[in-house]
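Colleague: everything below, folded, please.
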Amino acid sequence: MLEKLATAAQRLLLPLLLTLMLASDPTDAVVTSAPGQMSLCTGSSRYQCIQSCYDKGMRLVTIKDLATNNRVKAFLLGKKVEKAYVGMDDQAREGYFQRTDGSVYVKDDFSRWASASGGPEQPNEGDDCVTFDSDGNWRVESCILNLPSVCEASPSDCKGRTTPLFR
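Modeller: Sure, this is the predicted structure:
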């Protein structure tokens, strides 16, 4: 009986191990995502990372409070990353920031805008995507920089859709 159980476990675990070993994108190694789990998408554009995150049941991280801001900061420090994209931009309308969870940033919301960052008080045409630096500060920069993106596990209502809810 124990031998049959071991054989069955091998058959189930082998494909999972191969997936993890052969992952070409660091986020490919995420097979299942627990709420709040983070992953770093590298080697792709921000737009490709949005899709890559989504394909794994994740999205670009949404930061709405100091605790999440500190988690992202610690995550990036642990990965030795100085700057990465997070899930907020004003591409639809200059100066009005939308998060990847669908919520809209308003002035009274938690924020860590770096001084002279081009945040909501300083709209900057052409710089639309929010980056997060190693000090935990936010900046608005071009969406086409060669930077990694931080993914987080999405709520269960995002799984199983055929098209992303996010840009």
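
Colleague: residues making contact with stretch 134-143?
Modeller: 46-47, 63, 69-70, 72-73, 76-77, 81-83, 85-86, 88-91, 111-114, 117-119, 124, 126-133 (CB atoms under 8 Å, 6 or more residues apart in numbering). All C-beta atoms are positioned from the backbone trio N, CA, C, and that covers glycine.

Colleague: just the buried residues of these.
Modeller: With neighbours counted using 16 or more other CB atoms under 10 Å, the contacts of stretch 134-143 contain these buried positions: 46, 63, 69, 72-73, 76, 81, 83, 85-86, 88-90, 111-113, 117-119, 127-133.

Colleague: now the strands: where do they sit in the chain?
Modeller: 38-41, 58-60, 83-89, 98-99, 129-133, 138-141, 149-153 (DSSP state E).

Colleague: averaged pLDDT, the shortest one. What do you get?
Modeller: When you say that, I think you mean strand 98-99. Averaged across strand 98-99, pLDDT comes to 94.

Colleague: packing partners for that strand?
Modeller: strand 83-89 (3 or more CB pairs under 8 Å, 6 or more residues apart in numbering; DSSP states H and E).

Colleague: counting by contacts, list what the strand it packs on packs against.
Modeller: The helices and strands touching strand 83-89, judged by 3+ CB pairs under 8 Å, 6+ apart, are strand 58-60, strand 98-99, strand 129-133, strand 149-153.

Colleague: let's see the third one as PDB, backbone CA atoms only.
Modeller: Written as PDB, here are the backbone C-alpha positions of strand 129-133 (Å, rounded to 0.1, in the frame of the first residue of the first chain):
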ATOM      1  CA  CYS A 129       3.100  54.400 -14.800                       C
ATOM      2  CA  VAL A 130       3.900  54.300 -11.100                       C
ATOM      3  CA  THR A 131       7.200  52.900 -10.000                       C
ATOM      4  CA  PHE A 132       8.300  51.900  -6.500                       C
ATOM      5  CA  ASP A 133      11.800  52.600  -5.300                       C
END
